[in-house]
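>>> Here is a sequence with its predicted model. Questions after.
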Amino acid sequence: AALTVRFLTRRFIGEYGDMEFIYSHNLTVDGREILFHIWDVPNSQEQAEDGSSEEKRIQWADSFVLVYSICDRASFNILPLKIQFIKAAKEGQSQEKVPIVIVGNKRDLHHQRVVSSEEGRQLALSLDCSFYEVSAAE
């Protein structure tokens, strides 16, 4: 949620509840107006739901940004399973590669880091995804 709000408003807000939101946002990219629809789902909510809700979101989306905290090993460890689920659902229907980006957040909290940048890069490489490490706060 922090990254989504930062992208939409350029502001950082540190605390969020476990709420699901759909945001719409216009942005000019390479001279073209692009309308983004962002379905922001907290991980804790996804774990509590059945697979059909997650399947619905996967079918709705054209691309995926999966965010983990560099300070939370569990948030990193669930990524391979989520990515396999997305690829099976999306790529099974067509020959097109689904765009997936893995983002390690909280780079500013390097003193609390438990997942290295190299682990994030290696995971992205092994799953054919893009990778970035960022700080929503900064």
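Nice, thanks for sending it over.
>>> Centroid-nearest residue for the chain?
Centroid-nearest residue in the chain, with CA atoms, centre = their mean: residue 66, separated by 2.1 Å.
>>> Quick check: that one is in a helix.
No. Assigned with DSSP: H, G, I helix; E, B strand; the rest coil, residue 66 falls outside any helix and is strand.
>>> who's it bridged to?
For residue 66, the beta-bridge assignment (DSSP bridges) gives partners residue 102.
>>> Now do the contacts for it.
By CB atoms under 8 Å, 6 or more residues apart in numbering, residue 66 lies in contact with 79, 82-83, 100-103. All C-beta atoms are positioned from the backbone trio N, CA, C, and that covers glycine.
>>> Which one of those residues is nearest to residue 5?
Of all the contacts of residue 66, the one with the least separation from residue 5 (CB to CB) is residue 103, at 14.3 Å.
>>> From what I see, residue 12 and residue 2 are in contact.
Yes. The pair residue 12 and residue 2 passes the contact test of CB atoms under 8 Å, sitting 6.6 Å apart.
>>> Give me the common contacts of the two.
Among the neighbours of residue 12, those also in contact with residue 2 (CB under 8 Å, 6+ apart) are 136-137.
>>> the bottom helix or strand of this protein by mean pLDDT?
Ranking every helix and strand in the chain by mean pLDDT, DSSP states H and E puts helix 43-48 at the bottom, with a mean of 51.
>>> next helix or strand past that one?
Beyond helix 43-48 in the direction of the C-terminus, DSSP states H and E gives the next helix or strand as helix 51-60.
>>> about what we covered before: filter the contacts of residue 66 down to the buried ones.
79, 82-83, 100, 102-103 (16 or more other CB atoms under 10 Å).
>>> Just the pLDDT for the closest residue to residue 109 other than its chain neighbours.
Nearest in space to residue 109, with sequence neighbours left out and distances taken as CB to CB, 6 or more residues apart in numbering, is residue 71 at 5.4 Å. pLDDT recorded at residue 71 is 96.
>>> Assign residue 71 to helix, strand or coil.
Taking three-state DSSP as the rule, one finds residue 71 in the coil state.
>>> mind listing what it touches?
Residues in contact with residue 71, defined by CB under 8 Å, 6+ apart, are 106, 109, 112-115.
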